[in-house]
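> Build me a model:
(chains A and B)
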Amino acid sequence: MATPVTPPRGMRDFLPADKASREHALAVIRRSFAAHGFDEIETPVMEDAARLHSGLGGDNEKLAFAVMKRGLKPADAAAAAESGDLLALADLGLRFDLTVPLARFYATHRAELPTVFRAIQIAPVWRAERPQKGRYRQFVQCDIDIIGESGLLAEIELITATAAALDALGLTGCSIRINDRRILTTLLAHWKVAPELNERALIVIDKLDKIGVDGVVAELGGLGISTADVAETLNGIADAGWNAADSAPPVWLDTDAYADLLALRAAMPGVRLVFDPTLVRGMGYYTGTIFEISHPDLGYSLGGGGRYDGMIGRFLGTDVPACGFSIGFERIVDLLGADAASSENAVVLVYEKGTDSAQLVALKQTLVEQGLRVRLEQRTKNVKALLERAAGAGYGRYAFVGNGAPGEADLEFRSLGG
RNA sequence: GUGGGUAUAGCUCAGCUGGUAGAGCAUCCGGUUGUGGUCCGGAAGGCCGCGGGUUCAAGCCCCGUUACUCACCCCA
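This next block holds a predicted model:
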């Protein structure tokens, strides 16, 4: 190429057709969430660097884009190099999720918010990852969160609203896998895993469906976890479903947490809930229920969430229960594909070169006032390409504007169907 | 962070064993059509990603580099 003009790595431009289908999907999601009693808020794209790196973002913290302080001097850079703390040069960063900003938002505005606050956030986040299919460095998340509700009603409202949104989008085949951090904690305790190994052990367990029982046993062994019944327990976990405790519950199962999951399932008969004791989720801040949207065609999740009762307390001082669910908007849109919803109310007027502009605009204005969407296009040699582009942009009808004195009465509209 | 693939016209891609840079579509022009989505002809459009090397000669072979892409890790 003569001039390499591409957007930043992992970030994208959207052509009119893409933009239209994105906006359509966003409108559907907004409507679903709002119908379930959630209110939309907005926060800045940046937060204080210290807040982003407070340990609540898990591994995502390492992927945060940092923003350098304004007015840095060479001496500052030298000092940072000296100390080895390059992040000292940054005081702000782009948010890598919507949960940390929400916790900050709630701490700031608690007095103005209802006791139980149901929030919608639909906004881009940034992560400095290596892009690939279904993974971008700027992407939109659609979050709903309930703050101040410690009971299962929070989970129920979140999952119900999310399932409704997926349904309204026409997405079929999705299921929601569900688990509870307490079940994982009990399992690790049963194996007498040292607390500092918990996170790494959980990541290994998460891979059970990919690498199988033998693979997990091997990797756990590598971490020094080799209690006698590891393989036996894993076999039980691999087979576990909603019948896990039909007879005597297995020793690794936290029965209180499992009872909660059964209650959730009973409360939402219309939602395809799958109990998956290997579901982990990377965020360290989850304390209870965790869930993830799965689709049979994809190796990655379409969204996820869970309960994070300890997080708000980090900003506020007093603990406030919270639970959230996030839809990965980009992955949903990729799945939906383009819906070229053409409209009969959108028309193209094809005019000959040299047609009087004033007459064209007057004609256009007449049609606009009738409620039509009107685009003017000068006739090209090959009209076919022009009309196909217009059809792709959502225009449903076209008419040729004759030379001479074009008037509305002279227009003969034809369908752009083909 | 680790590994694979790709890079040629605005777009999609050919280019043989190293020997003058190609097609389709899109664009522009001429004609045809003349209530028109047809057809014919022509033109324009290229640092063959970038840098080095081998060679009489490199789009092609070698080394490096950058970008894109797919997968792993992790994630939405």
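> and the gap between the residue lying closest to residue A:211 once chain neighbours are set aside and residue A:195?
Closest residue to residue A:211 in three dimensions, ignoring its sequence neighbours and counting by Cβ to Cβ, 6 or more residues apart in numbering: residue A:219, at 7.5 Å. (C-beta placed from N, C-alpha, C; glycine too.) Residue A:219 is 19 Å from residue A:195, where distance means Cβ to Cβ, to the nearest Å.
> that older thread, the residue nearest to residue A:211 reaches residue A:212, doesn't it?
No: counting by Cβ atoms under 8 Å, residue A:219 does not reach residue A:212; the two are 10.9 Å apart.
> show me what contacts the residue in the stretch 251-400 of chain A positioned nearest to RNA strand B?
Residue of the stretch 251-400 of chain A nearest RNA strand B, by Cβ to the nearest atom of the strand: residue A:282 (1.2 Å). Taking Cβ atoms under 8 Å, 6 or more residues apart in numbering, we find residue A:282 in contact with A:58-60, A:203.
> can you confirm it is in a helix?
No: going by DSSP: H, G, I helix; E, B strand; the rest coil, the assignment for residue A:282 is coil, not a helix.
> who has more neighbours, residue A:219 and residue A:195?
The neighbour comparison of residue A:219 against residue A:195 (other Cβ atoms under 10 Å) goes to residue A:219, with 17 against 9.
> got a list of what that one touches?
By Cβ under 8 Å, 6+ apart, the contact list for residue A:219 reads A:204, A:207, A:211.
> a markdown table for those residues, including secondary structure, pLDDT and distance to RNA strand B?
Output for the contacts of residue A:219, formatted as a markdown table (DSSP: H, G, I helix; E, B strand; the rest coil; pLDDT from 0 to 100; distance: Cβ to the nearest atom of the strand, whole Å):
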| residue | secondary structure | pLDDT | distance to RNA strand B |
| --- | --- | --- | --- |
| A:204 | helix | 88 | 7 |
| A:207 | coil | 86 | 6 |
| A:211 | helix | 82 | 7 |
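> Make a ChimeraX selection of the buried ones in these.
In ChimeraX syntax, the buried subset of the contacts of residue A:219 is picked out as below (16 or more other Cβ atoms under 10 Å):
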select /A:204
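> For the most centrally placed residue in chain A, list the residues it contacts.
Chain A has residue A:328 as the residue nearest its centroid, 2.1 Å off, counting by Cα atoms, centre = their mean. If a contact means Cβ under 8 Å, 6+ apart, then residue A:328 has A:139, A:141, A:293, A:301-303 as its contacts.
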